[in-house]
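Asker: build me a model from this:
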Amino acid sequence: MTIAGAWHAASQRIDRLDARLLVEQVTACTHADLLAHPARSLSTDQLSRLDALVGRRAGGEPLAYLLGSAAFYGREFWVTPAVLIPRPETELLVELAIERVQPHSGARILDLGTGSGVLAVTLGCLCPEARLTAVDLSVAALAVASSNAARHAVEIDFRAGQWFSPLGEERFNLIVANPPYVAQGDPHLQQNGLPFEPQMALTDGVVGGDGLACIRLVVGGAAVHLRPGGWLLVEHGYDQAGAVRELLHRQGLADVASWRDLSMIERVSGGRLH
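Answerer: Numbers count the residues shown, from 1 in each chain. Prediction:
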């Protein structure tokens, strides 16, 4: 079968763009190659691999896992089912962080629940003199994050553990976190490919809870790990901004505020240590 024929056949089962990207993945060709050489034949092995990938995509598996990569803030990152697929709304965290850390200040930055490492790596690229530390409970996630740091030539001190536990008495100029915040049992967890993503990175696992258990731990432990004037920035759910601001106020943080993403949803809240 030709490339053009394989693309057409795959497009009968899944989205046309997804089909094209999977054909390019299997044949190691670019879009330009595909258009320039539509009569190129696929091997039996390539056809078998493509059929398997198309079947997985038709079954709802996210395209990023099938391709092995996803874009974030203008860069490509490796992803596996051990980590969440980066979302565009999380780029707001990067923008807010850059506003609070001078790119050449040598600031200490902590990324809690780093996952694939997109936040830490991106901040490392944008703040080349910063000292970066990233924590995650999942060893498999840390392996992906470490690979992404190497891919983008960013030096990061990766540590395995739950939230602040591996940090001793260290303090930082900036703490960023995108913790699990979807309530256990939320019907959204069964939609849009989420069943394929690591549940421990999506929900706090508290049956009957409000999804804020992990955010409470992050906010509750931040003050003793911030330097004077340091900022905590936390991503949260679409309806959690008010609750998160209240948590920040209770910890005595100043300049507490929430910021909206491109969909005008309050997506990130934060505060500053006096």
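
Asker: my guess is residue 136 contacts residue 142. True?
Answerer: Yes: between residue 136 and residue 142 there is a contact under C-beta atoms under 8 Å: 5.2 Å. Backbone N, C-alpha and C define where each C-beta goes, glycine included.

Asker: comparing the two, which residue is more hemmed in?
Answerer: Using other C-beta atoms under 10 Å, the more surrounded residue of residue 136 and residue 142 is residue 136, with 28 against 22.

Asker: so what touches stretch 75-84?
Answerer: Stretch 75-84 is contacted by residues 64-65, 68-71, 85-86, 115-118, 121-122, 125, 138, 140-141, 143-145, 147-148, 151-152, 196-198, 201-202 when judged by C-beta atoms under 8 Å, 6 or more residues apart in numbering.

Asker: how does it look with 6 Å?
Answerer: With C-beta atoms under 6 Å, 6 or more residues apart in numbering as the test, stretch 75-84 has contacts from 64-65, 69-70, 85, 115-116, 118, 140-141, 144, 147-148, 197, 201.

Asker: same check, this time on stretch 239-248
Answerer: Residues contacting stretch 239-248 (C-beta under 6 Å, 6+ apart): 219, 236, 256, 258, 266, 269, 271.

Asker: so which bits of that stretch are buried?
Answerer: 240-241, 243-245, 247-248 (16 or more other C-beta atoms under 10 Å).

Asker: ok, of those residues, which one's closest to residue 20?
Answerer: residue 240 (37.4 Å; C-beta to C-beta).

Asker: quick one: the closest one and residue 124, what's the gap?
Answerer: 28 Å (C-beta to C-beta, to the nearest Å).

Asker: any idea of the mean pLDDT in the helix or strand harbouring residue 4?
Answerer: Taking DSSP states H and E as the criterion, residue 4 maps to helix 3-11. Confidence for helix 3-11, expressed as mean pLDDT, is 91.

Asker: which other helices and strands contact that helix?
Answerer: On a contact count with 3 or more C-beta pairs under 6 Å, 6 or more residues apart in numbering; DSSP states H and E, helix 3-11 meets helix 16-27.

Asker: please repeat the previous calculation with a cut-off of 8 Å.
Answerer: Contact partners of helix 3-11 among helices and strands, from 3 or more C-beta pairs under 8 Å, 6 or more residues apart in numbering; DSSP states H and E: helix 16-27, helix 31-36, helix 44-58.

Asker: hmm, who's touching the first one?
Answerer: In this structure, residues lying in contact with helix 16-27 by C-beta under 8 Å, 6+ apart are 3, 6-7, 10-11, 13-14, 29-31, 33-34, 40, 42, 46, 49-50, 53-54, 57, 63, 66-67.

Asker: hang on, the earlier thing: what is in contact with residue 136 and residue 142 at once?
Answerer: 114, 158, 160.

Asker: list only buried entries from those.
Answerer: Buried among the shared contacts of residue 136 and residue 142 by 16+ other C-beta under 10 Å: 114, 158.

Asker: for the shared contacts of residue 136 and residue 142, which one is nearest residue 252?
Answerer: Among those, and counting by C-beta to C-beta, the member closest to residue 252 is residue 114, at 26.3 Å.

Asker: would you say the closest one is within a helix?
Answerer: No: counting by DSSP: H, G, I helix; E, B strand; the rest coil, residue 114 is not part of a helix but coil.

Asker: and it, its phi and psi?
Answerer: phi -70, psi -30 (degrees, to the nearest 10).

Asker: now do the one 10 residues further on
Answerer: Main-chain dihedrals, residue 124, degrees, to the nearest 10: phi -70, psi -40.
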